[in-house]
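Undergrad: curious how this folds, go ahead:
(one chain, ligands or ions: 1)
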Amino acid sequence: MDPLAPPDLDGDTRLLVLTGAGVSAESGIPTFRDANGLWEQHRVEDVASPEGFAADPALVWRFYSLRREAAAQIVPNAGHAALADVERRLGDRFLLATQNVDGLHRVAGSERLVEMHGNLFTSRCAGCDRPPFEDRVAHHGTLPRCDRCGGLLRPHIVWFGEALDPAVLARIDAFIAGCKGKRWIFLAAGTSGAVYPAAGLVDRCRRLGAETVLVNLEAPENVRSFGRVVTGRSGDVLPRLLR
Ligand code: OAD
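TA: Residues are numbered from 1 along each chain as shown. Purely as a prediction, here's the structure:
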């Protein structure tokens, strides 16, 4: 079989896609693995965590401010575009769950999108229940404070040790529930299958009857869970697979 033979997406077939850092790699954002999980000698887990923020909020804001500045310079690649295209064909038979916080899927035109780990260009108050809001500012130097309560603002990112937003999980659950009795495909791209609950989606979908496809540069930890594996760069493979 041609490894790039497109799966049949006609008729009533549904498609749930999970993306990770690898999908943004060709736009110029290093993956977590590429960076060895380190930033300026700090383990990313120490910066991207509630404990890290409590210990040194200025350091955490510097980390995210640099990421905001870098992400603002980059543009989506052919992999993002292919996912936006297939969504236009499938409509509500499609859902994209991304672990990426860079916002590139939305820039590429994806609308049926859940950002499982939050968004780099959104902040919220660490002290009050003011809703999260768009914030593209790089906060170097002074710590940003909430207009409402004066508390510290924080990036609207799911940090290590934090739970995912229940509304995000509910949206994925609702899509999976809607696949019951239908033909459906779970496609993961550019993710190392190391961080849960995203990494567990493949086993759950397979048990519920989905065809499972992985597009990745190298075999990730959960590669054996996939029925079909296409090795390559997502910017090359996704446009051909989803043509
Ligand atoms: P990782 O950096 O763990 O994995 C990226 C995967 O993409 C690796 O398996 C690479 O082989 C693959 N890859 C690299 N370039 C690629 C390309 N051009 N095309 C296809 N695949 C490519 O990133 P994630 O799996 O996204 O969480 O990491 C998951 C989560 O762990 C992140 O969302 C983040 C991190 O800790 C939080 O921040 C909460």
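Undergrad: who in this protein is up against the ligand?
TA: The chain has residues 20-22, 25-26, 31-33, 48, 99, 117, 158, 190-192, 194-195, 216-218, 220, 233-234 near the ligand, with proximity defined as C-beta under 6 Å from any ligand atom. To be clear about C-beta, it is placed using only N, CA and C from the backbone, and glycine gets the same treatment.
Undergrad: mind checking which of those residues are buried?
TA: When neighbours are counted using 16 or more other C-beta atoms under 10 Å, these contain these buried positions: 20-22, 25-26, 31-33, 48, 99, 117, 158, 190-192, 195, 216-217, 220, 233-234.
Undergrad: tell me which element the residue nearest to W61 when sequence neighbours are not counted is part of?
TA: With C-beta to C-beta, 6 or more residues apart in numbering as the measure, H139 is the residue that lies nearest to W61, at 4.7 Å, once sequence neighbours are left out. Assigning secondary structure by DSSP states H and E places H139 outside every helix and strand.
Undergrad: where does the protein have its least confident helix or strand?
TA: Counting by mean pLDDT, DSSP states H and E, the chain has its least confident helix or strand at strand 38-39, which shows a mean of 78.
Undergrad: mind listing what that one pairs with, with the direction of each?
TA: strand 42-43 (antiparallel) (DSSP bridges).
Undergrad: following the strand it pairs with, which helix or strand comes up?
TA: The C-terminal neighbour of strand 42-43 among helices and strands, as given by DSSP H and E, is helix 44-47.
Undergrad: after that following helix, next one along is what?
TA: Next helix or strand after helix 44-47 toward the C-terminus (DSSP H and E): helix 50-55.
Undergrad: other SSEs contacting the helix or strand just after that following helix?
TA: Moving toward the C-terminus from helix 50-55, the next helix or strand (DSSP H and E) is helix 57-72. Applying 3 or more C-beta pairs under 8 Å, 6 or more residues apart in numbering; DSSP states H and E, one finds that helix 57-72 contacts helix 44-47, helix 50-55, strand 118-125, strand 153-157.
Undergrad: chain neighbours aside, what residue packs nearest to C128?
TA: On the basis of C-beta to C-beta, 6+ apart, the spatially nearest residue to C128 that is not a chain neighbour turns out to be C149, at 4.2 Å.
Undergrad: wasn't R136 part of a helix?
TA: No. Under DSSP: H, G, I helix; E, B strand; the rest coil, R136 falls outside any helix and is assigned coil.
Undergrad: list the contacts for it?
TA: Contacts were defined as C-beta atoms under 8 Å, 6 or more residues apart in numbering; by that measure R136 touches 68, 72, 121.
Undergrad: hang on, the earlier thing: what about the residue nearest to C128, how many neighbours?
TA: When neighbours are defined as other C-beta atoms under 10 Å, C149 has 13 of them.
Undergrad: correct me, but it touches R130?
TA: Yes. The criterion here is C-beta atoms under 8 Å, and C149 meets it with R130 at 7.4 Å.
Undergrad: so, low pLDDT: which residues of the protein?
TA: The chain contains residues with pLDDT under 70 at 33, 35.
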